[in-house]
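Student: 3D model of this:
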Amino acid sequence: MTDGWLLARALRTPDSILTLDAEGWTALIATARAEQMIGTLAHRLDGLRVPQTAARLLADARASAAQGRVAALWEAEAARRAMAPIGVPVVLLKGTAFVAADLKAGQGRSIGDLDILVPRDRIDAVEAALISAGWEWVKPDPYDDAYYRRWMHELPPLIHRERDRMIDVHHTILPLTARITPDAAGLLAWSVEVEPGVRILSPNDMLVHAGAHLFADGDLAGGMRNLWDIHCLVDQFGTIGLAERAAHHGLAREVVRALRLSAALYGEGARLNPADHLYLRRLTARDGWGRATRPFTRLGFYVRSHWLRMPPAMLAKHLWTKWRGGHRGGGV
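Tutor: I've put the predicted structure just below:
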């Protein structure tokens, strides 16, 4: 076993690593790094007897995750300070939310950008407040800027000019072009305060968001990490009321699939349908060096992600515009 299932087994049953040989350890560490789960793996294996080289790598990963946690919480505080004068609380999403609330899903988790959710009718005020506090645009291309503002679920990404840290300001959790329209106002209304001026989504809405991100928007990149988030959230909070909440947001099918695949990878298994096996094939597509494999499967899910985000005519126009911009040296 040298694909993502090796990592899944180690997270599900940490004692399983005791039988690994050198090749197995190489595959496990490489896959965990590629999936941005090395800190999570290090947390799960803490206290077990592992080879000396692996022990050093895992210790470094735990230290790096702890440092990342501090940096993420500072970015959240910086955003809170910037938005406090306009009376908009910071509603944290994804990894920063997990560590701010000290959730199981945050233990050892890799955290990249700061993702926040704000009311759509306050988006202009939030944008101005963040720019005044030192954030600036990452995407200067006029087409990209206009596309984000008209069709996406977030502002164009911003980066702080001094700290070099990015913030993604969402006003909902799926692109406006998507076929599903979650209740963004409901996400905010049901959010939970973790400290003054800082909130997180309710547990059920965090699960809905994770399911939406995986199966109604993206190409499953980072999917093993997101399914681990789901596994931890279910383990900590259960699923009471989740079906109703997912249906309310129009994401019942996506959430059910997320629960099945999370259980298949990290739980005690689940009854899968034929399509689920294709998703698992994509999610676990790594070789013994952590490199991406199964290119046609990956390509299929990449095409699917764009198909979900916008109608065919709009997709064709968007891809043509991006292709032309790339060949002319503009756009991304």
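
Student: Break down the stretch 151-300 of the chain into its strands, ranges please.
Tutor: 158-160, 166-170, 192-195, 198-200 (DSSP state E, counting those that start in this stretch).

Student: Does anything pack onto the last one? Which helices or strands?
Tutor: I take that to be strand 198-200. helix 52-83, strand 90-92, helix 94-100, strand 192-195 (3 or more C-beta pairs under 8 Å, 6 or more residues apart in numbering; DSSP states H and E). Every residue, glycine included, has its C-beta placed from N, CA and C.

Student: swap the cut-off to 6 Å and go again
Tutor: strand 90-92, strand 192-195 (3 or more C-beta pairs under 6 Å, 6 or more residues apart in numbering; DSSP states H and E).

Student: Export those strands as a markdown table, with columns for distance to Leu220 and mean neighbour count.
Tutor: A markdown table is the format used below for those (distance: least, C-beta to C-beta, whole Å; neighbours: other C-beta atoms under 10 Å):
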| stretch | distance to Leu220 | mean neighbour count |
| --- | --- | --- |
| strand 90-92 | 23 | 26 |
| strand 192-195 | 28 | 13 |
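
Student: Nearest to Arg304, out of these?
Tutor: strand 90-92 (28.7 Å; C-beta to C-beta).

Student: chain center to that closest one: distance?
Tutor: 15 Å (C-alpha atoms, centre = their mean, to the nearest Å).

Student: Who are the packing partners of that strand?
Tutor: Counting by 3+ C-beta pairs under 6 Å, 6+ apart, strand 90-92 packs on helix 52-83, strand 114-117, strand 198-200.

Student: Compile the ones you listed into JSON lines and extend it with columns for mean neighbour count.
Tutor: JSON lines is the format used below for the helices and strands packed on strand 90-92 (neighbours: other C-beta atoms under 10 Å):
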{"stretch": "helix 52-83", "mean neighbour count": "17"}
{"stretch": "strand 114-117", "mean neighbour count": "26"}
{"stretch": "strand 198-200", "mean neighbour count": "22"}
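
Student: Let's have those in TSV, adding mean pLDDT and distance to His213.
Tutor: Below are the helices and strands packed on strand 90-92 laid out as TSV (pLDDT from 0 to 100; distance: least, C-beta to C-beta, whole Å):
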stretch	mean pLDDT	distance to His213
helix 52-83	97	18
strand 114-117	97	10
strand 198-200	98	15
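
Student: Turn the ones you listed into CSV, including distance to Ala285.
Tutor: Below are these laid out as CSV (distance: least, C-beta to C-beta, whole Å):
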stretch, distance to Ala285
helix 52-83, 22
strand 114-117, 25
strand 198-200, 31
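
Student: With respect to Gln107, which of the ones you listed lies nearest?
Tutor: Of the helices and strands packed on strand 90-92, nearest to Gln107 by C-beta to C-beta is helix 52-83, at 8.3 Å.

Student: quick one: that closest one to strand 166-170, angle?
Tutor: 60 degrees (axes from the mean of the first three to the mean of the last three C-alpha atoms, to 10 degrees).

Student: I'd like to know which elements helix 52-83 is packed against.
Tutor: helix 38-45, strand 90-92, helix 94-100, helix 123-132.

Student: Is it possible to get JSON lines of these that adds distance to Ser202 and mean pLDDT?
Tutor: JSON lines is the format used below for these (distance: least, C-beta to C-beta, whole Å; pLDDT from 0 to 100):
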{"stretch": "helix 38-45", "distance to Ser202": "23", "mean pLDDT": "98"}
{"stretch": "strand 90-92", "distance to Ser202": "11", "mean pLDDT": "98"}
{"stretch": "helix 94-100", "distance to Ser202": "11", "mean pLDDT": "97"}
{"stretch": "helix 123-132", "distance to Ser202": "21", "mean pLDDT": "96"}
